[in-house]
Every structure is written in C-alpha cells, then in structure tokens.
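1. Any chance you could fold what I've pasted below:
(chains A, B and C)
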Amino acid sequence: MSFAWATPYEPKSDLARWFDDRLPLPRLVHGAVGGGYPVPRNLNYAWNFGVLAGIFLMIQIVTGIVLAMHYYASADGAFNSVEHIMRDVNGGWMLRYAHANGASFFFIVVYIHIFRGLFYASYKAPRELIWMLGLVIYLLMMATAFMGYVLPWGQMSYWGAQVITGFFSAIPLVGEPIRVWLLGGFVPDQAALTRFFSLHYLMPFVIAGVVILHIWSLHIPGSSNPTGVDVKTEKDTLPFHPFYTAKDGWFAGFFLLLYCAILFFAPNALGHPDNYIPANGLSTPAHIVPEWYFLPFYAILKSFTVDFIMPAKLWGVIAMFGSILLLFFLSWLDRSPVRSGHYRPVFKRFFWILVIDVFVLGWAGGSTPTPAVVAISQIATAYYFAHFLIILPLIAKFERPMPLPSSITASVLHGENEESAPYGLAKTAPVAAV
Amino acid sequence: MIRKIGPIVGLGFVFVLFLSLFSGLSAYFQAPPEATAEEEFHKHPKKLHLASDGPLGHFDRQQLQRGFQVYKEVCAACHGLKLVAFRDLAALGYEEPEIKAIANQWLTEVPSVNPDTGEVASRKAVPSDRFPSPYANDTAARAANNNAYPPDLSLMTKARHNGPAYVHSLLTGYEAQQPAELLKKFPAAKTSPGLYYNPYFANLNIAMPPPITSDGQVTYADGTMATVDQMSADVSAFLTWTAEPKLENRHRWGLVVLTFLLFATILGYLSYRNIWASAKRKVAPVGPLDPANMARREEAKDERGIAG
Amino acid sequence: MATLEEPQVANGPDANVADGGVRRRDFINIAAVSFAGVGAAAIVLPLVNQMSPSADVLALASTEIDISKIAPGQAIKTTWQKQPVFVRNLMPAEIAAAKKVPLSELRDPQSLSERTKPGKENWLITMGVCTHLGCIPLGTGEGENRGEFGGYFCPCHGSHYDTAARIRKGPAPTNLLVPEYAFTSDTVVTIG
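-> Numbering: from 1, shown residues only, chains lettered A, B, ... in the order given. Next up is the predicted model:
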C-alpha cells in the first residue's frame, strides 16, 4: 500500500501460497482490509460509517434479490404481489420490512458519512476524487431508492413517480418529450413500472462498482483523521486488522441492533400510510410527499414560487439538482489550508448551523406548505446555497485557524509540550519547554 | 475560478429566493388565507387500547373472532377483504371444518366458469380462496353506493394514520347534527343529502351511513355485551389483524434477534477494548486544563516572571 | 518538566504473549467472532426458507374430487398440484382382467388391490403422466386409443398400460403413479 511500513503479505499455508501465486486476491485483501493496511490510530466513531454503508448495501442487495423471486412487476398485480410476500411467502414479511427499512438506514448511514466528510474536510486534496465518487454513489442511491419506491405501486409510488418525472417537463422545449420517453407513456403505467424494476435491479451493482473505485481511490492516500494532519511515521498508524476490524465489528453490531429494533417493532414508522392504498391515477392523495431522505430536496424544490426570467418550477428543479451538484466543487470552494473543523472555530459554528438548516429543510419538506412553512423553507434554502457558495470561500480566506498538532501521535498524547492543544482546548498559549 | 463563479451563482439563488419570500409575505399580509372547515372541525382519533399495541403486543383471539363476526354481519355486504384467504382464519382459532363452513356459506360466491357451457358463473368458496368481493367490479360498487366506492378493508388500519384508532373513532363518531358553529362559519360545508356528518372523516362528510347504529346489532357467540363501542373496537381489532397477520410472529422474532444482537454487541465491544488495550496511549489523557497541569503552568509563569 | 512519553506501540496482540500458545485474553475475541459467525449462519436460514412453497401454494396441495358422476367404464381427467390425474370407474370385466395377470409377467409387479383402496376396487386413481418421459397418455376420453391391454396408451413412444394402469409394453419403466388419496365420503375423494 501507500505507506512504507505496511506489513507485506505472507501466505500462511501452502494452499494460500498456491492460490496467491495464481490470483493475488489474498494479497489484495490483506493490503486493503487486513494487517497490511495502516490506518491513523486516532480515528473516532465518525469513521465507522463507510463500512456501515457497505454493510447496508449488502443487506439491500441480498434482500432485494430474494424479494425479486416473488415480486410481480405488473400494474395490476404488483401491489398484490407485495401483499403476497407479506402474508404467504415464508418469512416474507421480514424480508420486505428488512428491505424497506434497510433503504432508510442506508441513507441515515450515508448522511452521517457525508457530514463527517464536510466537518473534517475529507474532500480536500489529495482526496477530491474520493469525494466526487462518493457523490456519484449518492446520486445513484437516490435514483435507485426512487425507482424502488415506485415498485409496490401504492398511491405514493404512483404519485411520487408523477411528480418526479414531472420535473423533466420543466425543462424548456425538450422537457415534455423527455418525460414521455422516460415513462414510455403519458403517465406512470405498465411500461414505466417494468423499466423501473429492471433499472432498480441493475443500479445497486453499478453502485457496488463505484464503491470499489471509491475505496480504491481512498487507499492511495489512506484515510484522513480527526486532526486533519497527515500520517508521518509508523507510530501514527495501526494496521486495519485487528484494530479497526474489531472497532467496525462491534459498532456494526450496535447499529444493526437499532436497525432490527425498527424492523421488528416499528416497521412502518418511516413510511407513509398512503402507500398501503393501491395506486389510483384518478385520485390524488391529500399530501404527496417523498420518503424522508428526499425531504430536504423537496423543500428546496418548493421554495421557488416566483417567476424570474425562468418559470418558478424550473428554478426549483435547477436548485434541487444544483444543491447536490455544487458539492462536487467543494474542494475548490473551500481553500482553507486546514482540514479539520476542530481547528477552525468559525467554520465549526457555520457547520453546525448547516446541520440545523438541513434538519429544518427536512421538516419543511414534509409539512403542509402553509405560508409560514414556505417562508421558513425559503430562508433555509437561501442559507444552504449561501453556506457553500458564499460563506465557505469567505471563511477560508479570512479565518485564523488554531495551530495544528505536529503529528497524529503528538495529538494522541495530549502532552502539554506540544505546539498546540489537543483539539478543542486551545485556550492557553503554548508552554515553553523547560 | 470556481471561487469567483460560486458566490455569483449563490447570490443568484439567494436573490430569487428573497423575491419569492417577499412576494409570499406580501400576499399573506394582503390576503391572509382563510381557515377551512376541515382544518377547524376535523377531529383526531380518540385513543384506542388494543391487545396488539406496543412492542410486546399480541392478538386477543376472542376479540378477533367477535370482530370477524361484526365484519361478516355488518360490513361484508359492501366492503371486500380480498387480501385475506378463508384459510387464514385458522389464526383466529377456528378449526378446519368451521372454516370450510364459513367459506361455503359466505354471502358472495367466487367467480368461475361453467365447465359445460363456458359461461360466466360462480361457485361456493373453499378455504384456499380469498374473500370474494361483494361487487363484480368498481363500477358496480359505485353504482350501488351513490357513486361512492366502499374501499377494501384488508389494509385499512395500515392505510390511515393511526389506523386502528381511526376506524374505531369513525364508527363511533357520527353526529346526527352538524355543529351550529360550523354551519354559521362555513355554510358551504353543509352536509348534502346522501352524505353523513362525521368529524373524524378527513372531509367531514362521508358517504357511508352509520353502519353500527344500536347496541345488540350483532349477537356475540361468546355472550359479550354488544354495545356500539364494543362492536367498533372489536372490528378495529379484527382489521388490525387483517392488515398485519404476522404481528405476533414479528414481535417474537424481534425479541430473539435483539437479544442476540445485544449479546453480540457486548462481546464485540469487550473484544474491541481487549485488542485496543495494547494500542492506547500510555500517558493518561490529561489535558492542559487539568488542575495539576494548571498548577504547573502557574509555577512556570511565576518562574518566568521572576526570571525576567 | 514533562517528558514526551512514547506510547508503547503494539501492532497486534503478539506483544502480549504472556504464556506460550493460546492467550487467555484472546478468548473474548474468539467468543465475539463466534457469536458473529453464528448470527451470519442464522441469517442464511430465512433466505433459504423463503424459496420453499408459500402458504397459498401449500393450500392448493390437496384437492377434492366429486366422483358421483363417473359411471362404470368411464374416466375423467382432472388436476392435482397442477398435474393431470386420471380417475377411472373400472367395470367388472376390467377388474377380472387385471387380477388374471400373474405378477411375474409385470415389469413393475403390483396387484390391483395394492393400487386401490379396500372395498373400492373399482376406483382406479392414478397420475396422468407417463413414467417414461412425462407425456399424458390417451384412454380417458370416449373413443381414445387404449392400447393393446385395454388401459392407457402413450402416443409419444408407445407405452401400453393395462386396465390397472400397469406398464405392459413400451419404454416406460414403472406403472402410472398412484398418489396419496382417501375417500372422505362415498362420492368425494381427497388427493394429497
């Protein structure tokens, strides 16, 4: 791997040697997640969420493949096939709830993972490509989840598909033809359902491929760490196995505990009752809302209510996609030489305002659009764009960051002889060495 | 370059948003939106306690059987239950011959084809059949019910927020007269003929006439007093079962899985601490604000003060 | 004067080998991994089980047949578990012919009484699937070819079955299969 002191792979048995000579897979695994991959020793639990996301991807793929053995992608039969799974298939109720709640937990984990990246500026050089590949994964996840939600063909499935494909008609000139092309019809119907099923089955494997690129590109510079200071010596790192396999392992158990608590005791808490009503193209539900993980973007979409050069609807669509696309440019918007938010007090405050802002957007997206809610979502949307496009570049330029520890080992020691404080406590001047 | 374009794009979005905000606020203050009848007079469901509530919930089979009886005698004439099969009633405690009889004597027959002439016909249900719909199709259902479609009840308690309580409140919540206040404020919300006022219904006026009107409408086989409230609660419990027949299974497995995961997590955590014991920093994590270090800092300051 | 203390870096549990061989402190690691392994294995069970027939398929695993309308000498074709079943009401002559055949002559020796229920010898209920390669033999309908032995005839490769549906000539290896059935009344048979 990239660090000189990484333990090289030594086959432990003749069989292992025979295999490794012909296909260096054991060597690859050793260097990627085994004793041969040095990782900074000071990672906190925010670093657990990448592996957790991989686990949930695996859960979704396995439960999805098994559900596809019983699901029936017909406009007449899809809803009934899902109920057949829930009632008649052996353990079907568990598989269905596992898959539906697995999607929610996949997004929870990925959001925490993204916010870790935002706070510790994991998007900065040399990790820009990891960040961008991650955003590609996120976009693919959103597409996969949207199409998956259409498959049960409930009221929210149908009307959600109507709304989302309706975005495309906002594009001038080519919008409506694109929308009809996507649906294979004028409204979501049989053609749309079968192609969504096909693509929903395909996309997780595309995601898996991009995840491999994401991890591969990570293993070139190695993981970042909470201080943002680069790895300098062997003392700064620990081999991934057994230290981080153990840490990831126990925390995964804990997180699966939360997942199973929801799955077995509140499986419909994150869903919407309207999706237990079969789709009816002639009856619009009182409030069409997407699943909770799309709510902030839904709020951004609905915030633009005034025509200005472009129609309001087009502003909403552009802003909604723009809110994710601008993240691709984060490494160039935020030019601060310091990575970690722990050493950037101004940045840190704005970061937490952003977190609150995203929760407010989520709340607004799920609420009935009364004038008050719309006004709040407009302010929150304005802050979101201002944060990334205006505030971050300004902070990077004018902020005075705190001094950094000289190395990871030094910060771990918390010795007061260090140049800087352990993170979060730099209130006193450094003490002269006596 | 990005740092120049970025803020411009950002300001653009912010500007359009403030335009929207301003226009929204001025529209609000010029013409505040009026309350609707639904907003003011719609009631949230009353609390309903069922055996199936909570993480350790289970089904009260006696209550389910009573609820099934209410469904059969009151609701089945108009409302289907097409996702439930007669054989599923075994979960309520009925024996096989009882189920065969229930299926055979059901008020509607299952559509089939005459084997000799090929004409559309019907046959008596068998346990492997699902409950046949009371109407041939949606159009027939509407035609028989003043253009209102009586929804299938299989999933009703999952298809409404707070479903079981909603069903119970709806059935017991009919009011013979609309409140005078409502008629005064919202004369347009007057109940038209063919509809009935029920504040628990989202639109306040529902096409279904009160189905359970008097005590004793159903004579329970187990002798329980059949008050309107009792019958409504029983049928709500029954519909909770039809929507989620695997509830007890789910709770039981939930306990098993959570217990296992708790043990696995604890063992995992202990193993983690064991492995990391060798890698933790040897110096106790005492920071600069620790009193011992503060004292030493004071000393060092004094020394420096003295020294120069 | 504080000194910089080096952390005792142990890049693995090897540094703690107190006694040779199994380290007591590793039991917790082994326990944790075993628990996780048991969990992983347990997850496989529902994944495999879900492929078994679902409740609605199992509900159709047994069928009831009304035999009141079948006259002696007649047969009907019906289905059970989505496969054809022949139900024949044997005539006395057919019963006699079946009983006359010595078992040593049969490729798959079975007597008529072994293939019918006691007291209901005239009711021959068999699968309608030729035991050679699975075609549906002729002989149930009026005027159909019943082969050289007066039972059933499979046109695909020329298997002849006798009045007790036993293989007499042709490539089929065994007699037409008699499924599990019972008379739930004089006019109703439950198969499966």
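2. so A:Phe350 touches A:Leu394, yeah?
-> No - taking contacts as C-beta atoms under 8 Å, A:Phe350 lies outside contact range of A:Leu394: 9.9 Å. The way it works is simple: take the backbone N, C-alpha and C, and place the C-beta from them, glycine included.
3. Between the two, which has more neighbouring residues?
-> A:Phe350 (20 against 14; other C-beta atoms under 10 Å in any protein chain shown).
4. Now the more buried one: closest residue in space, sequence neighbours ignored.
-> A:Ile391 (5.7 Å; C-beta to C-beta, 6 or more residues apart in numbering or on different chains).
5. Using the three-state scheme, assign the one you found.
-> helix (DSSP: H, G, I helix; E, B strand; the rest coil).
6. For it, give its distance to B:Phe22.
-> A:Ile391 is 22 Å from B:Phe22, where distance means C-beta to C-beta, to the nearest Å.
7. Also C:Ile191?
-> 78 Å.
8. So for these two, which residue has more residues nearby?
-> Higher neighbour count among C:Ile191 and B:Phe22: C:Ile191, with 20 against 13, using other C-beta under 10 Å.
9. So for that one, what's the pLDDT?
-> Note on C:Ile191: pLDDT of 91.
10. Ok, A:Ser407 next?
-> So A:Ser407 comes in at 82 (pLDDT).
11. That one against A:Asp236, yeah?
-> Yes - between A:Ser407 and A:Asp236 a contact is recorded at 6.1 Å, counting by C-beta under 8 Å.
12. quick one, which of the two is more surrounded?
-> A:Asp236 (23 against 18).
13. Can you tell me, leaving aside adjacent residues, what's nearest to the more buried one?
-> Per C-beta to C-beta, 6+ apart, closest to A:Asp236 is A:Ile408, 4.0 Å.
14. residues near the one you found, how many?
-> 24.
15. One more: A:Ser122?
-> 26.
16. mind listing the strands for the chain?
-> As the question left the chain open, I've gone with chain A. Using DSSP state E, the strands of chain A run over residues A:38-40, A:237-239.
17. Correction: the question concerned chain C.
-> C:63-66, C:75-80, C:83-89, C:123-127, C:150-154, C:159-162, C:167-169, C:181-183, C:188-191.
18. Equivalent analysis for the stretch 101-250 of chain B, please.
-> Assigned by DSSP state E, counting those that start in this stretch, the stretch 101-250 of chain B shows strands spanning B:110-113, B:120-123, B:196-197, B:205-206.
19. could I get these as a markdown table with mean pLDDT?
-> Below are the strands of the stretch 101-250 of chain B laid out as a markdown table (pLDDT from 0 to 100):
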| stretch | mean pLDDT |
| --- | --- |
| strand B:110-113 | 91 |
| strand B:120-123 | 92 |
| strand B:196-197 | 93 |
| strand B:205-206 | 92 |
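20. Select, out of those, the one closest to chain C.
-> strand B:120-123 (12.0 Å; C-beta to the nearest C-beta).
21. Tell me the strands beside that closest one, with direction?
-> strand B:110-113 (antiparallel) (DSSP bridges).
22. Would you indicate which residues of the strand it pairs with are buried?
-> Buried residues in strand B:110-113, counted by 16 or more other C-beta atoms under 10 Å in any protein chain shown: B:Val110.
23. for stretch B:244-263, same thing?
-> For stretch B:244-263, burial by neighbour count (16+ other C-beta under 10 Å) applies to B:244-248, B:250-251, B:253-254, B:257-258, B:260-261.
24. With chain A in mind, check whether that stretch reaches it.
-> Yes - using C-beta under 8 Å from any C-beta of the partner chain, stretch B:244-263 comes into contact with chain A via B:Pro245, B:Lys246, B:Asn249, B:Arg250, B:His251, B:Trp253, B:Gly254, B:Leu255, B:Val257, B:Leu258, B:Leu261, B:Leu262.
25. just the residues of the stretch 1-150 of chain A that are near chain C, which are they?
-> So the stretch 1-150 of chain A meets chain C at A:7, A:35, A:62, A:66, A:69-70, A:84, A:87-92, A:94-95 (C-beta under 8 Å from any C-beta).
26. which residue sits closest to B:Glu94, ignoring its sequence neighbours?
-> One thing to correct before we go on: residue B:94 is Tyr, not Glu. Leaving aside its chain neighbours, B:Tyr94 sits nearest to B:Ile102 (7.1 Å; criterion: C-beta to C-beta, 6+ apart).
27. Please determine how far the one you found is located from B:Pro245.
-> 16 Å.
28. Over to A:Ala68?
-> Per C-beta to C-beta, A:Ala68 is found 23 Å from B:Pro245.
29. can you check C:Lys169 too?
-> C:Lys169 is 54 Å from B:Pro245, by C-beta to C-beta.
30. Over in the stretch 1-150 of chain B, which residue gets nearest chain C? Let me know.
-> B:Ser128 (4.0 Å).
31. Give me the neighbour count for the closest residue to that residue other than its chain neighbours.
-> In space, and not counting its chain neighbours, B:Ser128 is closest to C:Ala59: 4.0 Å by C-beta to C-beta, 6+ apart. By other C-beta under 10 Å, 18 other residues sit near C:Ala59.
32. wait, doesn't C:Ala59 sit right on B:Arg130?
-> No - the criterion here is C-beta under 8 Å, and C:Ala59 misses it with B:Arg130 at 10.4 Å.
33. what pLDDT does A:Gly415 get?
-> We have a pLDDT of 47 for A:Gly415.
34. hmm, back to that, what's the pLDDT at the residue nearest to B:Tyr94?
-> 96.
35. what do you get for C:Thr184?
-> So, for C:Thr184, pLDDT stands at 86.
36. if you skip the residues just before and after it, what's nearest to it?
-> With C-beta to C-beta, 6+ apart, the residue lying closest to C:Thr184 is C:Thr190, at 5.0 Å.
37. what about the residue nearest to B:Tyr94, how many neighbours?
-> By the criterion of other C-beta under 10 Å, B:Ile102 has 16 neighbours.
38. now A:His200
-> 21.
39. Grab the nearest non-local neighbour of it.
-> For A:His200, the spatially nearest residue (C-beta to C-beta, 6+ apart) is A:Met147, at 4.2 Å.
40. Now narrow the buried residues of stretch B:244-263 to whatever sits close to chain C.
-> Within the buried residues of stretch B:244-263, those near chain C by C-beta under 8 Å from any C-beta are B:Phe260, B:Leu261.
41. Reformat the buried residues of stretch B:244-263 into JSON lines and put pLDDT next to each item.
-> As requested, those are arranged in JSON lines below (pLDDT from 0 to 100):
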{"residue": "B:Glu244", "pLDDT": "97"}
{"residue": "B:Pro245", "pLDDT": "97"}
{"residue": "B:Lys246", "pLDDT": "97"}
{"residue": "B:Leu247", "pLDDT": "97"}
{"residue": "B:Glu248", "pLDDT": "97"}
{"residue": "B:Arg250", "pLDDT": "97"}
{"residue": "B:His251", "pLDDT": "97"}
{"residue": "B:Trp253", "pLDDT": "97"}
{"residue": "B:Gly254", "pLDDT": "97"}
{"residue": "B:Val257", "pLDDT": "97"}
{"residue": "B:Leu258", "pLDDT": "97"}
{"residue": "B:Phe260", "pLDDT": "97"}
{"residue": "B:Leu261", "pLDDT": "97"}
